[in-house]
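Participant: Could you work out the structure for the sequence below:
(one chain, ligands or ions: 1)
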Amino acid sequence: MTYTIQPDLEPFPDALTQSGSTRPGFATRAVRTGHRRTHEGEHGEPIFTTSSFVFDSAAEAAARFSGESPGNIYSRFTNPTVRAFEERLAALEGSESCVATASGMAAILAVCMGLLQTGDHLVASRSLFGSTTLLFNKYLSRFGIGTSYCDLSDLAAWDAAIGPQTRLLFCETPSNPITEMVDLRTLAELAHRRNCLLVVDNCFCTPALQRPLELGADLVIHSATKYLDGQGRCVGGAVLGDRKRVGEEVYGVLRTAGPTLSPFNAWVFLKGLETLELRMAAHSQGAAGLADWLAAQPGVAHVYYPGRADHPQHHLVGVQQRGGGGIVAFDVHGGRPGAWGVIDATRLLSITANLGDTKTTITHPASTTHGRLTPEQRAASGIGEGLIRVAVGLECLVDIQADLARGLALLPGQ
Ligand SMILES: *Cc1c(COP(=O)(O)O)cnc(C)c1O
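Facilitator: Numbering: from 1, shown residues only. Below is the predicted model:
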């Protein structure tokens, strides 16, 4: 086994390439990219549930293994359904390469293993997905890779945190849960001036609302578990970027270490991508409506939503982010008892930490997703005891409001 470069599938064009369309729009790419129809003439994308692939001869097997002839060998390396998902997502993010992974965390791990070594350092925004912080602090540190944290929107702090060993800057924008944003174009310029790569976790926006590579970022990672699936069914992830770093370095880790995506999950995500643009528009519209309604409720002290004019980085909506996204956070009066009261009074919303589902979910970050942080760390991230996060699904807005109104009525007003 000598080759570790993701095989190029260009010799086998999909229907979109064959159509000769030179600049297909986002929705067209989301529906049409990546499916190479087989001799059966199937209309829907097939699921290739096979662990290995058969060769015509010993010589062909040898040519495949050496990389001389492109094609499938084993599903840890490539699988046509997984490849279709990778190509479709690459076409949406505008990247040269995409590698699918078993989960969002596997995507982050593969980036770190592929691009970093002992002695390297990375700088990350303080408000990160909890497992990402744990991966950096508990596991990367064991291999001599250090991490420094800074406030997401404070560009001077990013600059100050970069040292001679820093290789990567890592951020999520908007952040979880209070939807803070950073100017990606400026952060990418800063990264490149200091010889670092910018990695963006684009889980909250998806390429339907934000394309970090077009803004200068070097790599994008996804938890496909969230909006790319869109209906809370499967766990998966992806890494996107240029051919050398993603198609070679990150792909090499995946095919060797093994946290690759299953064909069934890839198929679910493929179908999810077809409706991504419609869903993200609907999630954003619902969240914008809910944010404005919450801001008018007496029990609510503050609403965090990028689409609202009182959001500190509101100016970035329309510049780097098309729409506010589906996540709304809000502080209620009455601290933890107040917040838990609102959550416990819901009958329709799901009390779960997942997001990006058609079903609206509600979470108390201080005692769940961010419960491991110290009170000081939570305060630094703006996560108070009265904070509630809602990931707005696709139900009717009035029904979501009615479900929240029951608990909000119990709160001390101001
Ligand atoms: C869920 C999530 C992850 C991790 O993804 P998994 O698929 O659960 O491994 C990473 N980043 C963000 C922003 C997430 O929401």
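Participant: residue contacts, the residue in the stretch 301-414 of the chain that the ligand sits nearest to?
Facilitator: Residue of the stretch 301-414 of the chain nearest the ligand, by CB to the nearest ligand atom: Leu355 (6.4 Å). Every residue, glycine included, has its C-beta placed from N, CA and C. Applying CB atoms under 8 Å, 6 or more residues apart in numbering, we find Leu355 in contact with Lys226, Tyr227, Gly326, Ile327, Thr361, Ala391.
Participant: Name the helix or strand for the second one, please.
Facilitator: Per DSSP states H and E: Tyr227 is located in neither a helix nor a strand.
Participant: neighbours around it, how many?
Facilitator: If you count neighbours by other CB atoms under 10 Å, Tyr227 ends up with 29.
Participant: Which residue is the nearest non-sequential neighbour of it?
Facilitator: Gly356 (3.8 Å; CB to CB, 6 or more residues apart in numbering).
Participant: I'd assumed Ala391 was in contact with the one you found.
Facilitator: Yes. With contact defined as CB atoms under 8 Å, Gly356 and Ala391 form a contacting pair (6.6 Å).
Participant: out of the two, which sits in the busier spot?
Facilitator: Ala391 (29 against 26).
Participant: Helices of the stretch 101-250 of the chain, residue ranges please.
Facilitator: In the stretch 101-250 of the chain, the helices defined using DSSP state H, counting those that start in this stretch lie at 104-115, 130-134, 155-161, 184-193, 206-209.
Participant: Can you give the contact residues for the second one?
Facilitator: Under the contact criterion CB under 8 Å, 6+ apart, helix 130-134 has outside partners Met105, Ile108, Ala124, Phe170, Asp201, Thr369, His370, Arg372.
Participant: least confident pick among those residues?
Facilitator: On pLDDT alone, Arg372 ranks lowest of those, at 82.
Participant: Quick check: phi and psi at the closest residue in space to Phe55 that isn't next to it in sequence.
Facilitator: Residue nearest to Phe55 in three dimensions, not counting chain neighbours: Ala61, with 4.0 Å by CB to CB, 6+ apart. When read as degrees, to the nearest 10, the backbone of Ala61 gives phi -60, psi -40.
Participant: May I have the predicted confidence score for Ala61?
Facilitator: Value for Ala61, per-residue pLDDT: 95.
Participant: could you measure it against Ile351, distance?
Facilitator: Distance, Ala61 to Ile351, by CB to CB, to the nearest Å: 53 Å.
Participant: So the two - more neighbours on which side?
Facilitator: Set Ala61 next to Ile351 and count neighbours by other CB under 10 Å: Ala61 wins out with 15 against 12.
Participant: For that one, give its distance to the ligand.
Facilitator: Distance, Ala61 to the ligand, using CB to the nearest ligand atom, to the nearest Å: 35 Å.
Participant: Isn't that residue up against Phe53?
Facilitator: No. Assessed by CB under 8 Å, Ala61 is found out of contact with Phe53, at 9.8 Å.
Participant: how far away is the residue in the stretch 1-150 of the chain that the ligand sits nearest to from Lys271?
Facilitator: Going by CB to the nearest ligand atom, the ligand is nearest to Gly104 of the stretch 1-150 of the chain, at 2.2 Å. Counting by CB to CB, the gap from Gly104 to Lys271 is 19 Å.
Participant: So between the two, which is more surrounded?
Facilitator: Gly104 (24 against 15).
Participant: Tell me the bridge partners for the nearest residue to that one once chain neighbours are set aside.
Facilitator: Spatially, and ignoring its direct neighbours in sequence, Gly104 is nearest to Ser223 (2.6 Å; CB to CB, 6+ apart). Beta bridges link Ser223 to Gly237 when assigned by DSSP bridges.
Participant: residues near Ser223, how many?
Facilitator: Count around Ser223 with other CB under 10 Å applied: 28.
Participant: In contact with it, which residues?
Facilitator: Ser103, Gly104, Met105, Ala107, Phe129, Asp201, Cys203, Gly236, Gly237.
Participant: what's the spacing between it and Gly323?
Facilitator: From Ser223 to Gly323 the distance is 19 Å (CB to CB).
Participant: How about Gly232?
Facilitator: With CB to CB as the criterion, Gly232 and Gly323 are 21 Å apart.
Participant: these two touch, right, Ile327 and Thr179?
Facilitator: Yes. Look at Ile327 against Thr179 with CB under 8 Å: they come within range, at 5.9 Å.
Participant: what's the overlap in contacts for these two?
Facilitator: Phe204, Tyr305.
Participant: Around the ligand, pick out the residues from the protein.
Facilitator: 103-105, 129, 131-132, 172, 176, 201, 203, 223, 225-226, 235, 237 (CB under 6 Å from any ligand atom).
Participant: any residues in contact with both of Gly356 and Ala391?
Facilitator: Joint contacts of Gly356 and Ala391 (CB under 8 Å, 6+ apart) are Gly326.
Participant: Quickly find the element holding Phe269.
Facilitator: Going by DSSP H and E, Phe269 is part of helix 263-274.
Participant: now for that helix, which elements pack on it?
Facilitator: helix 26-32, helix 80-93 (3 or more CB pairs under 8 Å, 6 or more residues apart in numbering; DSSP states H and E).
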